[in-house]
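Chemist: The sequence isn't on hand, but the structure is:
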Ligand code: SF4
């Protein structure tokens, strides 16, 4: 059986259930790189160009991890646009070229281009070509893609009820391992208190408290515990209920983003701005944290817009890079949490 490696970085946190299901339905064994650790970060830092942001450097480390595992292929799509008239940061477009240029003895890359703004049919054609590579006919490919889309929807439902993307990935994977009756897969209560029934409490179970903190940023930074220094988990350990962009209604986020005088054409930037503006007007949200990466072009604009427009709710921007120390992050988080709690008690 052929093996395909999926790096645990960048858009992994948004599309992994789709990719995994699709390849497995084609009869390909999926290998995912290890959760980010010090070795992966160091290897990425040594290999990637200095100008790259931390998430891209970490992605390199994940690709190298897969190289060491001896996979037959590595899946590194060239993401340009994942929605009509919405674009992904240019670094994503160059990822396959940068990897080929800088990693010798790289296994063949599967770098299908996703550009839904230009030609939706091209993705379809590329997906069929991919199927051929693994010996599948059109019917099998179509069924595999449909199954992938279905799992992606399921995963998004999990995230929407109160789980940050990394925790939603864990829950989705566990749901796939445990046989369950249809409809029993994710019976989550609308308060976001978790609950996958039919099993013991997940370690990913968020704790609820009186404080609700909106946490924004790129999913691959927020949900990678090494990149974000475990920001989400630390807030949950402090007792906060964490709300992320994925937990909000898409149409409401879009409506708030559309109040900008000029349309934001970066998909993630639009999502973060719309979510921040929504949170700023939502009385249940007590504070907002935006996690940005040093050297990120889009963040230099998006973070600034958010910082200027959030006016009702305590706001903190945290900028991380490979030199950020955990102690500093914890100190700032605790100080912000205490300030938000005092403010709430004083009202
Ligand atoms: S949006 Fe920013 S953090 Fe994300 S890949 Fe681009 S430069 Fe890096």
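Modeler: Good, I have the coordinates. All figures in this text were calculated on a predicted structure; none of them were measured in a lab.
Chemist: Count residues in the vicinity of residue 137, would you?
Modeler: 10 (other CB atoms under 10 Å). Where you see a C-beta, it was placed from the backbone N, CA and C, and this is true even at glycine.
Chemist: same question, residue 311
Modeler: Residue 311: 8 neighbours (other CB under 10 Å).
Chemist: Is it in a helix, a strand, or coil?
Modeler: Following DSSP: H, G, I helix; E, B strand; the rest coil, we place residue 311 in the coil state.
Chemist: Now do the same contact list for the closest residue in space to it that isn't next to it in sequence.
Modeler: Nearest in space to residue 311, with sequence neighbours left out and distances taken as CB to CB, 6 or more residues apart in numbering, is residue 280 at 6.7 Å. With contact set as CB atoms under 8 Å, 6 or more residues apart in numbering, residue 280 has these partners: 288, 309, 310, 311, 312, 313.
Chemist: Residue 147 versus residue 280, what's the distance?
Modeler: Per CB to CB, to the nearest Å, residue 280 is found 39 Å from residue 147.
Chemist: Please apply the same query to residue 315.
Modeler: Residue 315 is 41 Å from residue 147, by CB to CB.
Chemist: quick one: which of those two has more around it?
Modeler: Taking other CB under 10 Å, residue 315 and residue 147 do not tie; residue 315 has more neighbours (21 against 15).
Chemist: Contact partners for that one?
Modeler: Residue 315 touches 287, 288, 289, 290, 306, 307, counting by CB under 8 Å, 6+ apart.
Chemist: Could you report the pLDDT at it?
Modeler: Per-residue pLDDT puts residue 315 at 96.
Chemist: Now it. Its backbone dihedrals?
Modeler: Main-chain dihedrals, residue 315, degrees, to the nearest 10: phi -130, psi 140.
Chemist: how far away is it from residue 214?
Modeler: 9 Å.
Chemist: okay, and the common contacts of those two?
Modeler: Shared contacts of residue 315 and residue 214, counting by CB under 8 Å, 6+ apart, come down to 287, 288, 289.
Chemist: Verify the stated contact: the second one with residue 276.
Modeler: Yes. Judged on CB atoms under 8 Å, residue 288 makes contact with residue 276 at a distance of 6.1 Å.
Chemist: what residues do the two have in common as contacts?
Modeler: 214, 216, 306, 310.
Chemist: Now the closest residue to the last one other than its chain neighbours: which helix or strand?
Modeler: Counting by CB to CB, 6+ apart, the nearest residue to residue 310 once its immediate chain neighbours are dropped is residue 280, at 4.6 Å. Residue 280 belongs to helix 267-281 when elements are defined using DSSP states H and E.
Chemist: how about the closest residue in space to residue 169 that isn't next to it in sequence, what does it touch?
Modeler: Counting by CB to CB, 6+ apart, the nearest residue to residue 169 once its immediate chain neighbours are dropped is residue 16, at 6.0 Å. Shown in contact with residue 16 (CB under 8 Å, 6+ apart): 6, 32, 155, 169.
Chemist: The second one - how many residues pack around it?
Modeler: A count of neighbours around residue 32, defined by other CB under 10 Å, yields 20.
Chemist: Just to check, it is in contact with residue 6?
Modeler: Yes. At 5.2 Å, residue 32 and residue 6 qualify as touching, with contact defined as CB under 8 Å.
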